[in-house]
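Trainee: What would the 3D arrangement of this be:
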Amino acid sequence: MRPIDGVITLPPIDPNRVLQPHQNALILTLGINDFDVRQILVDPGSSADLLQMFTFKQMGFPSSTLENPRRILSGFNRASTTSLGDVMLPVQAGPIILNVQFFMVEDLSSFNAIMGRTWLHGMKVIPSTYHQMVSYLTEDGQINLYGS
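Mentor: Numbers count the residues shown, from 1 in each chain. Model prediction:
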């Protein structure tokens, strides 16, 4: 199954899910390489998809499986960090599985991963911090994944 193009409508706010007013970041749980990974920040401002090295090791991967070590990643504030390498992993969001190239980093604050524009565009996802969800279309209809 693949995401498709079309019209996405966002539902009214569910007062039981989202307390008003709020300024919460959009945090999801997604399947990465058959593991449920929690505390994933959806960041449309990031041009890269990042994975915490600790999370990668918890999945059972050794550091030796990483490719292209020591890439310089620059942040919006011009701060830079050096990646430990990159790896391609399948990410499942609902019924859709998309292979994602993750850059491995040592410290993502309290997040296990950051899904940036690469994943958002590949999935054709519309993120909404207001609704605390991402929405996308499949041949079977619209899928809404709610933040945690």
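Trainee: Please, where are all the strands along this protein?
Mentor: With DSSP state E as the definition, the chain shows strands at residue ranges 27-32, 35-42, 49-52, 72-74, 80-82, 85-93, 96-105, 113-115, 126-128, 133-138, 141-146.
Trainee: what's the least confident helix or strand in the chain, going by average pLDDT?
Mentor: Least confident helix or strand, the chain: strand 72-74 with a mean of 76, by mean pLDDT, DSSP states H and E.
Trainee: Parallel or antiparallel, which strands does that one pair with?
Mentor: According to DSSP bridges, strand 72-74 forms sheet pairs with strand 80-82 (antiparallel).
Trainee: and the residue nearest to the spatial centre of the chain, what are its bridge partners?
Mentor: Among the residues of the chain, the one closest to the centroid is residue 115, at 2.7 Å (CA atoms, centre = their mean). Per DSSP bridges, the residues bridged to residue 115 are residue 42.
Trainee: my read: it touches residue 49, true?
Mentor: Yes. Contact criterion CB atoms under 8 Å: residue 115 and residue 49 qualify, at 5.6 Å. For the C-beta atoms, the positions are set from N, CA and C on the backbone; glycine is no exception.
Trainee: Name the residues contacting each of those two.
Mentor: residue 100 (CB atoms under 8 Å, 6 or more residues apart in numbering).
Trainee: Now residue 10. Nearest residue, chain neighbours left out?
Mentor: Distance criterion CB to CB, 6 or more residues apart in numbering; nearest residue to residue 10, sequence neighbours excluded, is residue 131 at 5.4 Å.
Trainee: Next: residue 75.
Mentor: residue 81 (7.4 Å).
Trainee: Retrieve the pLDDT associated with that neighbour.
Mentor: For residue 81, the pLDDT comes out at 82.
Trainee: thinking again about what came up before, I'd like the distance between the residue nearest to residue 10 and residue 72.
Mentor: From residue 131 across to residue 72, the span is 35 Å (CB to CB, to the nearest Å).
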